[in-house]
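K.L.:
Give me coordinates for this.
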Amino acid sequence: MKIIKITTENEITTLEFPEGDITSVNKRLYEMIGPKCELMEHVMPSRLYKILGASNRPKKEKGSCTSILMDEEAYYHDLEVNVVGSWLYESDLHGNPILGNILVIGEYWGGDGVEFCGMSDEQYNLLYPQLEELTKKAREYR
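P.N.:
Below is the predicted model of the structure:
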């Protein structure tokens, strides 16, 4: 299943959600976020849902909900602002930007509660073109 990575350089790529046990999956997600990432933060940014139309309610179907993962220690690591992530998070309204690379991932309601996964095709096909346009605009204004 697909996930989307948006870098601080406003580049967008599609990656595959890693497979394996929770430890190996988390390790791979840390690597995807960035070389300094050792702890992930789960973020549900308002504009991802209100403007882009993503689902924010996990169901039993994998990828039925979408959210963002970022480096929990981004300020400590002195990472650059992620313009697209910050816009999604409404940083322009409250002043707290998203720093570092972000992963747009899927979620579902599993046996132990909400679990991470790749996005459903429906969510991916809805979000990728919009996020691609946002990254393009961000590069133009850089």
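K.L.:
which residues of the protein score low on pLDDT?
P.N.:
Judged by pLDDT under 70, the chain has its weakly predicted residues at 142.
K.L.:
can you list contacts of the longest strand along the chain?
P.N.:
Longest strand in the chain, counting residues (DSSP state E): strand 102-110. By CB atoms under 8 Å, 6 or more residues apart in numbering, the residues outside strand 102-110 that reach it are 1, 3-6, 15, 17, 29, 32-33, 43, 48, 58-70, 82, 84-85, 114-120, 123, 127, 131. For the C-beta atoms, the positions are set from N, CA and C on the backbone; glycine is no exception.
K.L.:
Do a quick rundown of the strands in this protein.
P.N.:
2-6, 12-16, 40-43, 65-71, 102-110, 113-117.
K.L.:
Next, format these as JSON lines and append mean neighbour count.
P.N.:
Formatted as JSON lines, the entries for the strands of the chain read as follows, by neighbours: other CB atoms under 10 Å:
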{"stretch": "strand 2-6", "mean neighbour count": "22"}
{"stretch": "strand 12-16", "mean neighbour count": "14"}
{"stretch": "strand 40-43", "mean neighbour count": "16"}
{"stretch": "strand 65-71", "mean neighbour count": "24"}
{"stretch": "strand 102-110", "mean neighbour count": "22"}
{"stretch": "strand 113-117", "mean neighbour count": "16"}
